[in-house]
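Engineer: Below is the structure, and that's it, no one-letter string:
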């Protein structure tokens, strides 16, 4: 028993409740940022409590809420907490123009609590519960503007997510019987005696579970909520939805594959092959639709569809080097996509333009924002020395060891070319407008300091991790060696 | 091995210097210019200190696999050439950019590109090469687009697209290579390939890698960016593009050809073919062009073709490839220095006239002896006239082809292919003479019938620019007159990297056998100039004056006819079609079942002003899609029966 584990989960929730009592807007802002800074420090501090466990509440035999720290959960928790903190600084400036900032931050803090609960979940029950709470607590962020389209998008998001979570729950029912324990055990905990003879059933279960959780990660065919919900949310929310919430889906898939079924059970079966095909369809589809898309935020949302499937590709290769690439991509994509969304939001809130074609010349007016956007874009394309290059290198190395992976690497390259097409074209037109297409009025737009600081930090992070990734690589290597 | 700290200084000093220069430039522009000159000067002298050192430098774990550098002879030669060209152009830039905007940006990216380029040349494995190669592509993009005119933006877009495409294909090849060999270090790759019994798999891989480097070098069929980008870039930038950046592509090709496929005939013939096409194509395009910098860009294309022919001959000649190897590296060196001279001369013309069309700048140089002399040196050099440097390298290349023919004939094989290449080689040499004569005569000898009254400037070129132009121009005849003391030394220096051995005896450059090639080229050139350029390409205009005409029709462009439509319209259409089908699959199913189950179309609408949505309810009362009547019930019963039947059957 170690109650320290409850702190990162319930601290943001408690602070969210108390936020409602804070009267002034300025104090609220300080409250939120302070909470998230402390939260980030706490989460990093948990490094000292490796393998600690806490049981919170027993419902029945085998069904209980419990938390545990392991390397994988801690990596994700650190990432989530840091990004959440950086986005909150940005959100302060952004929410000045929106209504009901208090409500927004209330759910924003609550959602982080749910995410932390997800990361530290010890068993299936806790994971499922946190996953559903995460969905429910992020819906208010999507529908924050209360416009008709936002409400509709929120419902779509809710519908897809609940359906996906339902598939996951279905799997838990089966696994409750077929696993020796409901806890997550590295390498899987299938009861070989019971499984014998029922392999095909369990493979279907595995397929459905992964498909269900992949809904959050935006994998084809359940990706459709993503390009609808992300653009309507206020920018800070769409940034974390794209950068973080999709990764929560990835995290659940990791738990299912490596901690319940075990990589050996799925490796080489039709499940792996079918999922890889679906993933590759997603990679291409996302990039292609992003290339065709004219609305900036929607373009970025489609880009997320494609990029998160890079992660899934690495995971489903079920090889150490593929998983290494996948986990690197989790971190690097989270940084880059948040950076891109936040820059886009900074531009949109300042100029009011949502169409890509109307952003010519914006780089001259908002150089810092567009400079950071450029770094994020280069990272997504995978140009050295940005971080995206490193993850792509490992993903490709993992992919080449498989026959289907070889096709996969080619599709990754096509996708990278399309990514360059849809992101770098914005950069080029932004910095070098054609004379006749100077759409952005020559009036000078200013850059808000609260908005640029997180952007610069993220951009700096991308460059640093790109130039010197070995620290992160070591952490991930340790995680990966436990799983194989 | 011992770490050599000069290498990182050479690479990272310009990069750090770029930031410092940017800072200085916000305060004082003159000091910023001096700073840039100082940095390039330091880098130049630093690169000279690498001569003779066989040093390495390793940065473990940086950028994933770690960066590895080494200084083999050839790499030092290339680094010195790069540093020299940068120094000369930076000095020249001060005057050229005197009235430009965004100079801070220019200097920033100029220095960044220098660092990246040196990183490419000094790299010891493909990973490092690629990291810096990509950086170089992006930083040089800003140099190309610097003028921000419509043409510059279009050309730079082409440049960037080709660079990214090439980079990604190369990366794919590198993934594969690393997967197969487990290493990307040049020396280890050589051992790996040598140990392979069947190299055919390696060919595919190498061709993938070749795409990116070939595109940068301007090899057919990815040469399209080159004649577009060089003319629109500011002259110092186009000098660097032409002199050094294309050579970074050549460097990659050289690694493939001399480390992976050393003495490999198949690869040699492949490179020879690409080289020959590029060589002829560039020369022909240059003859037709009437824009000064475009002529020179096409000329670069053609000279790159000469170099790649040399690379191809290295493979074909096997272990007796000293002539080809020497010719290759010397032509690389000569072309770099020549193009500095020629492009900077063009820059001197442009910064006074702001025009590049031959009809506009015609006769401008008549009374400018300094520029005339400098340009003449460059022209004679590139034409391959004896006593100038271009002659030396072209002779070696020509000799290597002749040697190849002799070798094939000795073993009784048909040498028809190589003989064709030889003819084309001499013909391209002739075209070089023709187009350089055309430019020189037009600018420095003819009268301009439409000359505007010359406003007498105090001076058309400043002292520092004169030095920057004069020194490289002065080197050219020296290299040509004393080949054994100068050029042979450079070649000896580079043989080790290319796996070649110095020839048994010194080449007699000025023997009649060798002079013959030059004479043939000059005769061909004179004929082309006299009979074709003067008669066909110059036409009489309305006022009875002879003017230069561009007879290449506008539509005859590989880029506009094939690449652009394919890349911008056809492929996105096909891809978009399938992607949309996949993208709307589930949403579509939901919409259809909604119609079938609820008999409601959800009042589907596609709002114009609301861009976020395609299909959503708008109206309060959704209308019915179909009438619930007897016919529908019958249809549903029928469908049900069909379903049951199918279930029973299967």
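Structural biologist: Looks like it arrived, so ask away. No experiment lies behind these values; they were computed from the predicted model shown.
Engineer: contacting residues around the helix or strand hosting residue A:264?
Structural biologist: Assigning secondary structure by DSSP states H and E places residue A:264 in helix A:263-266. Outside helix A:263-266, the residues that touch it by C-beta atoms under 8 Å, 6 or more residues apart in numbering or on different chains are A:187, A:188, A:190, A:202, A:203, A:206, A:257, A:272, A:318, A:483, A:484. Where C-beta positions appear, they are placed from N, C-alpha and C, glycine not excepted.
Engineer: Now do the contacts for the last one.
Structural biologist: Right, residue A:484. Going by C-beta under 8 Å, 6+ apart, residue A:484 touches A:263, A:320, A:323.
Engineer: at 6 Å instead, please
Structural biologist: Contacts for residue A:484 (C-beta atoms under 6 Å, 6 or more residues apart in numbering or on different chains) come out as residue A:320.
Engineer: Over to the first one?
Structural biologist: Each residue near residue A:187 by C-beta under 6 Å, 6+ apart is listed here: residue A:262.
Engineer: Tell me the secondary structure of it, please.
Structural biologist: Secondary structure, DSSP: H, G, I helix; E, B strand; the rest coil: residue A:187 is coil.
Engineer: What does the pLDDT read for it?
Structural biologist: Listed pLDDT for residue A:187 reads 82.
Engineer: How about the residues of the stretch 101-250 of chain A by chain B?
Structural biologist: When proximity is defined as C-beta under 6 Å from any C-beta of the partner chain, the stretch 101-250 of chain A approaches chain B at A:149, A:152, A:221, A:224, A:231, A:232.
Engineer: Which one of these is nearest to residue B:152?
Structural biologist: Ranked by distance to residue B:152 (C-beta to C-beta), those are led by residue A:231 at 33.7 Å.
Engineer: Excluding residues flanking it in the chain, which one is nearest that closest one?
Structural biologist: residue A:297 (3.9 Å; C-beta to C-beta, 6 or more residues apart in numbering or on different chains).
Engineer: List the contacts of the closest residue to residue B:126 other than its chain neighbours.
Structural biologist: Once flanking residues are discounted, residue B:126 sits nearest to residue B:184: 4.0 Å by C-beta to C-beta, 6+ apart. For residue B:184, the contact set (C-beta under 6 Å, 6+ apart) comprises B:125, B:126, B:127, B:178.
Engineer: most surrounded residue in those residues?
Structural biologist: Top of the contacts of residue B:184 by neighbour number is residue B:126, holding 27 neighbours under the definition other C-beta atoms under 10 Å in any protein chain shown.
Engineer: what helix or strand is whatever residue of the stretch 251-400 of chain A ends up closest to chain B on?
Structural biologist: When distances are taken as C-beta to the nearest C-beta, the stretch 251-400 of chain A reaches nearest to chain B at residue A:288, 3.6 Å away. Counting by DSSP H and E, the element that carries residue A:288 is helix A:270-292.
Engineer: Please list the residues outside the helix or strand immediately after that helix in the chain that contact it.
Structural biologist: Under the assignment DSSP H and E, the closest C-terminal helix or strand after helix A:270-292 is helix A:296-316. Residues external to helix A:296-316 that are found in contact with it (C-beta under 6 Å, 6+ apart): A:217-219, A:223, A:226-227, A:230-231, A:242, A:246, A:250, A:272, A:275-276, A:279, A:282-283, A:286-287, A:289-290, A:293, A:322, A:325-326, A:329-330, A:333, A:337, A:340-341, A:344, A:354, A:356, A:395, A:398, A:408, A:415, A:422.
Engineer: Could I get the average pLDDT for helix A:296-316?
Structural biologist: Rounded mean pLDDT across helix A:296-316 is 91.
Engineer: What are the buried residues along the host helix or strand of residue B:490?
Structural biologist: Using DSSP H and E, residue B:490 sits in helix B:487-495. Neighbour-count burial for helix B:487-495 flags B:487, B:488, B:490, B:491, B:493, B:494, B:495 (criterion: 16 or more other C-beta atoms under 10 Å in any protein chain shown).
Engineer: Can you convert those into JSON lines and add a column each for pLDDT and distance to chain A?
Structural biologist: Output for the buried residues of helix B:487-495, formatted as JSON lines (pLDDT from 0 to 100; distance: C-beta to the nearest C-beta, whole Å):
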{"residue": "B:487", "pLDDT": "79", "distance to chain A": "36"}
{"residue": "B:488", "pLDDT": "79", "distance to chain A": "38"}
{"residue": "B:490", "pLDDT": "81", "distance to chain A": "31"}
{"residue": "B:491", "pLDDT": "80", "distance to chain A": "33"}
{"residue": "B:493", "pLDDT": "80", "distance to chain A": "30"}
{"residue": "B:494", "pLDDT": "80", "distance to chain A": "28"}
{"residue": "B:495", "pLDDT": "80", "distance to chain A": "32"}
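Engineer: Please convert the residues you listed to JSON lines, extending it with distance to residue A:106.
Structural biologist: Output for these, formatted as JSON lines (distance: C-beta to C-beta, whole Å):
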{"residue": "B:487", "distance to residue A:106": "77"}
{"residue": "B:488", "distance to residue A:106": "79"}
{"residue": "B:490", "distance to residue A:106": "72"}
{"residue": "B:491", "distance to residue A:106": "75"}
{"residue": "B:493", "distance to residue A:106": "71"}
{"residue": "B:494", "distance to residue A:106": "69"}
{"residue": "B:495", "distance to residue A:106": "73"}
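Engineer: now, which of the residues you listed sits nearest residue B:644?
Structural biologist: For the buried residues of helix B:487-495, the closest approach to residue B:644 (C-beta to C-beta) belongs to residue B:494, at 81.1 Å.
Engineer: Would you check which pair of the contacts of residue B:184 lies furthest apart?
Structural biologist: Longest distance between any two of those is 9.7 Å, between B:125 and B:178; criterion C-beta to C-beta.
Engineer: what's in contact with stretch A:13-21?
Structural biologist: With C-beta under 6 Å, 6+ apart as the test, stretch A:13-21 has contacts from A:31, A:35, A:106, A:109, A:110, A:113.
Engineer: Stretch B:549-568 now?
Structural biologist: Stretch B:549-568 has contacts (C-beta under 6 Å, 6+ apart) with B:224, B:288, B:290, B:539.
Engineer: Check which residues of that stretch are buried.
Structural biologist: Using 16+ other C-beta under 10 Å as the test for burial, stretch B:549-568 gives B:549, B:559, B:563, B:564.
Engineer: ok, now stretch B:120-129?
Structural biologist: Using 16+ other C-beta under 10 Å as the test for burial, stretch B:120-129 gives B:120, B:121, B:122, B:123, B:124, B:125, B:126, B:127, B:128, B:129.
Engineer: for the last one, what are its contacts?
Structural biologist: This means residue B:129. B:120, B:123.
Engineer: and if we set it to 10 Å?
Structural biologist: B:67-68, B:119-123, B:170, B:174, B:184, B:186, B:209, B:213, B:248, B:251-252, B:255 (C-beta atoms under 10 Å, 6 or more residues apart in numbering or on different chains).
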